[in-house]
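Colleague: Need a 3D model of the sequence below.
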Amino acid sequence: MPYLKLIDASLAFGHVPLLDHADFQLDPGERVALIGRNGTGKSSLLAALAAGNGRGRLDDGEVWTQPGIRVGYVPQEPPFDPDLTVFAAVVAGMGDSSRLLAEYHEVSHRLAEAGADQEKLLARLQELQHNLEALGAWAYEAQAERVIDRFALDPEARVGSLSGGQKKRLALAQALAVAPEVLLLDEPTNHLDIGAIEWLENLLIDSGVTLLFITHDRRFLDRVCTRIVELDRGRLASFPGSFSDYQQRKEALLHEEALANARADKLLKEEEVWIRKGVEARRTRAVFRVQRLDRLRTERAARRERQGKVSLQLDAGEKSGQLVAELKHVSKRFGDKTVVRDFSSRIQRGDKIGLIGPNGAGKTTLLRLILGELQPDEGSVRLGTKLEIAYFDQFRTQLDPEKSLADVISPGSDYVEIGGARKHVIGYLEDFLFAPERARSPVKSLSGGERNRLLLARLFARPANVLVLDEPTNDLDIETLELLEALLQDYDGTLFLVSHDRAFLDNVVTQTIAAEGDGVWREYVGGYTDWAQYQAQRTKEAAAAQKAEAKPAAKPAETPRPKADKLSWKEQRELEGLPDRIAALEAEQQDLSRRLEDPALYQSDPAAAQAHAARLAAIEDELLILLERWEFLEGKA
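Modeller: Residues are numbered from 1 along each chain as shown. Next up is the predicted model:
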């Protein structure tokens, strides 16, 4: 029985159908990737499925959800109250229990504070316990604490103080806290570093949860998905297997579609010529040909052409000097934290360098040191000559949301100059798949992927021999990513690339600067995979060396001692009595645990509560000793 079904669904924004009588089914155990070009409606489809049974956010059609099923949904930009704590945000999706759980957590922590009104807080704690027991919500609290710990979050931290990556972890924790059977994820890898992405891959695979997700991370797709569903021109097409399998089948399907369209167009052209011979058409009375022509015209009018490809051009301008930058023993600190420690490097024209490391490691700081925008605390930086630097900012701060697309690309002019040739700004925007009528639209009307395309258009509208790309792959569809890769591979200038997209790094960069921890950065030849293989080999060698050091030196042979024939009478009696002693201690342990769970005990007799807790700790030690003794005597017997 399926978990989710989309039945004859239609959805349109303006005159463009995003869903055109589309059908979809998600079965238990599947991990389905939803892919498609930017703006095709993937996020709208996921939101409609998350809304549950009925039409919901659709114009027509229906969403069916298996009754009683729990669905977790993580949108691309999850909305959070910045004043909430992490714990309160995680339990917020737990229905009526969420407020009680958040307050119980807060009161529990306030009890530990000096000067707190213990009596009042204990009374409130007891009342909350009673209400939570009535709702059967204790399992929810345990689940919330587990996922918070799993995602390495501070339960007391305020949401407003979290970074982008931490907020993405929080959204995933909130979705998993309800132990969903189905998880809907919209771009889950955005804002996560490589280590977090690989950890998330393992979590999703090992959890066994049924999954429907949107991503443009090709490594993530290949590792996680069991089926790919493509949203193309309003229809959903299913491709079992990995992303690599999909690419092969899709190429063949597009070729077949192009041939079929060419045959239909040729036939239509021939029939149009025939019908214009008016007299001959009437004389032959070929009514069936007239009907066929009407059908061909209708089919051609209804045909939705595949969206074109982005046309990317990059002008490297005048060549820089052979030396771009030379760093000697550079260090940089912020307060007590050393971000860069004793780093030396020589960067030459044409180098394509990838910077990798966890969020907060200092990748942006190192870039600013290399480009001379930040002065080191120690060491020296020497810059080359004739440097023309262009930046791609992952936060898109260069885009004024109130300006029109045309003003962003070419302020005060209707033309841009690319490679020495002038081009009208509207035609240039069309190269980046922006329709002419949108040239005067404000930036704030664009989606995340469209803003990234606009930023690339702005970046490439000016010559630059040093290109700095900070997370350029976020929100870009796979086809645009592949075109950008090809462009950067042919780029004659110097490239600095900060990215968590492992496939993109492997396909573009020729050397890698990686964070090693504690401000240490090292250079490696090749892309991400080369660096990962080197790290794995180094870890293997370190483990082998540690094992060799730990191996004790050979001792001289000793005269073997005669083995005891059997247990002594005293040991035999001790072994027979051990099970009863262990059972008695375990019964006492359970009794003390039940007493300590009663909040009234702390109010009526605090001294007794402390004594019970001390005895409980002592019992654990005694049980450990008795169990070890039992194992020894059993082995001897």
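Colleague: Tell me which stretches of the stretch 101-250 of the chain form strands.
Modeller: 182-186, 210-214, 227-232, 235-240 (DSSP state E, counting those that start in this stretch).
Colleague: export those strands to CSV and tack on mean pLDDT and mean neighbour count?
Modeller: Every C-beta, even on glycine, is put in place using the N, C-alpha and C of the backbone. Formatted as CSV, those follow (pLDDT from 0 to 100; neighbours: other C-beta atoms under 10 Å):
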stretch, mean pLDDT, mean neighbour count
strand 182-186, 94, 23
strand 210-214, 95, 23
strand 227-232, 91, 20
strand 235-240, 90, 16
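Colleague: Need these in a markdown table (columns: distance to T85).
Modeller: Listed next are the strands of the stretch 101-250 of the chain as a markdown table, based on distance: least, C-beta to C-beta, whole Å:
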| stretch | distance to T85 |
| --- | --- |
| strand 182-186 | 24 |
| strand 210-214 | 28 |
| strand 227-232 | 37 |
| strand 235-240 | 40 |
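Colleague: Compare these and give me the one nearest R502.
Modeller: The closest of the strands of the stretch 101-250 of the chain to R502 is strand 210-214. By C-beta to C-beta, the value is 17.2 Å.
Colleague: Which secondary structure elements does the closest one sit against?
Modeller: strand 31-35, helix 42-51, strand 182-186 (3 or more C-beta pairs under 8 Å, 6 or more residues apart in numbering; DSSP states H and E).
Colleague: That strand vs helix 42-51, what angle?
Modeller: If you take axes from the mean of the first three to the mean of the last three C-alpha atoms, to 10 degrees, strand 210-214 sits at 150 degrees to helix 42-51.
Colleague: quick one, strand 210-214 and strand 31-35 angle?
Modeller: 20 degrees.
Colleague: Can you get me a residue count around P436?
Modeller: 11 (other C-beta atoms under 10 Å).
Colleague: Now for it: which residues touch it?
Modeller: By C-beta atoms under 8 Å, 6 or more residues apart in numbering, the contact set of P436 is 426, 429-430.
Colleague: My understanding was that K5 contacts V63; is that so?
Modeller: Yes - counting by C-beta atoms under 8 Å, K5 touches V63, with 7.4 Å between them.
Colleague: out of these two, which sits in the more crowded spot?
Modeller: More crowded of K5 and V63, by other C-beta under 10 Å: V63, with 22 against 17.
Colleague: Check the secondary structure at the more buried one for me.
Modeller: strand (DSSP: H, G, I helix; E, B strand; the rest coil).
Colleague: ok, now the one 4 residues further on?
Modeller: Reduced to three states with three-state DSSP, the structure at P67 is coil.
Colleague: cool, G72 as well?
Modeller: Going by three-state DSSP: G72 is strand.
Colleague: quick one on the thing from earlier: wait, which of the contacts of P436 is closest to A142?
Modeller: When the contacts of P436 are compared against A142 (criterion: C-beta to C-beta), the nearest one is L429, at 53.5 Å.
Colleague: Next one: that closest one from S413, what distance?
Modeller: 14 Å (C-beta to C-beta, to the nearest Å).
Colleague: for W630, same thing?
Modeller: From W630 to S413 the distance is 88 Å (C-beta to C-beta).
Colleague: could you give the mean pLDDT of stretch 358-372?
Modeller: The pLDDT scores in stretch 358-372 average 89.
Colleague: begin at 470 from here
Modeller: Renumbered: residue one is now 470, and that last one reads stretch 827-841.
Colleague: now what about it, what contacts it?
Modeller: Here stretch 827-841 has contacts from 632-634, 660-665, 794, 796, 799, 801, 808-809, 812, 814, 816, 824-826, 843, 845, 850, 852, 856, 858, 935, 937, 939, 965, 967, 982, 984, 988, 990, using C-beta under 8 Å, 6+ apart.
Colleague: all helices for the stretch 720-869 of the chain, in order.
Modeller: Along the stretch 720-869 of the chain, the stretches classed as helices by DSSP state H, counting those that start in this stretch are 747-753, 756-771, 832-839.
Colleague: Ok, the stretch 920-1069 of the chain next?
Modeller: Under DSSP H, counting those that start in this stretch, the stretch 920-1069 of the chain gives helices at 947-958, 971-977, 997-1019, 1038-1065, 1068-1073.
Colleague: Report pLDDT for the residue nearest the centre of the chain.
Modeller: Nearest residue to the geometric centre of the chain (C-alpha atoms, centre = their mean): T658, 1.4 Å. For T658, the pLDDT comes out at 87.
Colleague: pretty sure it contacts R971?
Modeller: No - the criterion here is C-beta under 8 Å, and T658 misses it with R971 at 10.3 Å.
Colleague: which residues do these two both contact?
Modeller: 666, 686.
Colleague: Neighbour count: W1099 and S882, which is higher?
Modeller: Neighbour count, other C-beta under 10 Å: between W1099 and S882, W1099 has more, with 16 against 12.
Colleague: Mind telling me what element that one is part of?
Modeller: helix 1075-1105 (DSSP states H and E).
Colleague: Mind giving me the packing neighbours of that helix?
Modeller: helix 1038-1065, helix 1068-1073.
Colleague: Out of those, flag the one nearest G508.
Modeller: The nearest among the helices and strands packed on helix 1075-1105, by C-beta to C-beta, is helix 1068-1073 at 55.7 Å.
Colleague: what sits against the nearest residue to L645 once chain neighbours are set aside?
Modeller: Closest residue to L645 apart from its sequence neighbours, by C-beta to C-beta, 6 or more residues apart in numbering: V616 at 5.0 Å. V616 is in contact with 559, 642, 645-646, counting by C-beta under 8 Å, 6+ apart.
Colleague: Apply 10 Å and report the result again.
Modeller: 559, 622, 638-639, 641-648 (C-beta atoms under 10 Å, 6 or more residues apart in numbering).
Colleague: Make a ChimeraX selection of whichever of the residues you listed turn out to be buried.
Modeller: To isolate the buried members of the contacts of V616 in ChimeraX, using 16 or more other C-beta atoms under 10 Å:
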select :559,622,638,639,641,642,643,644,645,646,647
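Colleague: where does the closest residue to L1095 other than its chain neighbours land on pLDDT?
Modeller: Of all residues not flanking L1095 in the chain, I1051 sits nearest, at 5.4 Å (C-beta to C-beta, 6+ apart). Here the pLDDT value assigned to I1051 is 83.
Colleague: wait, which of the helices and strands packed on helix 1075-1105 is closest to R907?
Modeller: Closest among those, using C-beta to C-beta: helix 1068-1073, at 62.2 Å.
Colleague: re the thing from before, which of the helices and strands packed on strand 679-683 sits closest to A478?
Modeller: helix 511-520 (7.2 Å).
Colleague: Output that closest one as PDB, nothing but the C-alphas.
Modeller: Presented in PDB, the C-alpha positions along helix 511-520 are these (Å, rounded to 0.1, in the frame of the first residue of the first chain):
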ATOM      1  CA  LYS A 511       9.500  21.100  -7.600                       C
ATOM      2  CA  SER A 512       9.200  23.000  -4.300                       C
ATOM      3  CA  SER A 513       5.500  23.600  -5.000                       C
ATOM      4  CA  LEU A 514       4.900  19.900  -5.600                       C
ATOM      5  CA  LEU A 515       6.700  19.000  -2.400                       C
ATOM      6  CA  ALA A 516       4.700  21.600  -0.400                       C
ATOM      7  CA  ALA A 517       1.400  20.200  -1.900                       C
ATOM      8  CA  LEU A 518       2.300  16.700  -0.800                       C
ATOM      9  CA  ALA A 519       3.300  17.900   2.700                       C
ATOM     10  CA  ALA A 520      -0.100  19.600   3.000                       C
END
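Colleague: Run the chain-centre distance for that helix.
Modeller: When distances are taken as C-alpha atoms, centre = their mean, to the nearest Å, helix 511-520 is centred 18 Å away from the chain's centroid.
Colleague: Most neighbours of all the contacts of P905, which one?
Modeller: Going by other C-beta under 10 Å, L898 tops these with 23 neighbours.
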